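Asks: Please work out how this folds:
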Amino acid sequence: MSEQEQIMDNLLNIDLEIIDSIRELHKENWNSDSLKQQVGDLLKIRDEMFEQLMKFSDDSHHCDCGHEHQ
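Replies: A predicted model of the protein is given here:
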């Protein structure tokens with residue numbers, strides 16, 4: 001698995017964690033400060049991973065077909 005694929009996989013896992021945390025927060029009637037903090041932390045991690053993924057896109061304008069795409 002390439003580094004780019006690993007980041008995409010990690011993004012999916014973070015998204016699932018965010019969804020689970022929000023569901024739990026909803027069950028708690030939005031009253032859990034620790035769950036709110038957890039969602040905030042997960043969103044920050046997700047944003048950082050997304051930025052890493054976009055660096056791959058900025059650095060490389062080609063796909064596996066062998067042609068450059070702009």
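
Asks: quick one, helices of the chain?
Replies: Here the chain has its helices, by DSSP state H, at 3-27, 33-59.

Asks: give me the low-pLDDT residue ranges for the protein?
Replies: The model of the chain has pLDDT under 70 over residues 58-70.

Asks: and if we set it to 50?
Replies: Flagging of the chain using pLDDT under 50 yields the residue ranges 69-70.

Asks: Count the neighbours of residue 45 for me.
Replies: Here the count is done by other CB atoms under 10 Å, and residue 45 has 15 residues near it. The way it works is simple: take the backbone N, C-alpha and C, and place the C-beta from them, glycine included.

Asks: One more: residue 21?
Replies: 21.

Asks: repeat for residue 13
Replies: For residue 13, the count of nearby residues is 12 (other CB under 10 Å).

Asks: Quick check: it vs residue 49, distance?
Replies: In this structure, residue 13 and residue 49 are 10 Å apart, going by CB to CB, to the nearest Å.

Asks: Please name the residues that touch residue 12.
Replies: Residue 12 sits next to no residue when contact means CB atoms under 8 Å, 6 or more residues apart in numbering.

Asks: my bad, residue 20
Replies: Not one residue lies near residue 20 by CB under 8 Å, 6+ apart.

Asks: Swap in 10 Å and give it another go.
Replies: Residue 20 makes contacts with 38, 42, as judged by CB atoms under 10 Å, 6 or more residues apart in numbering.
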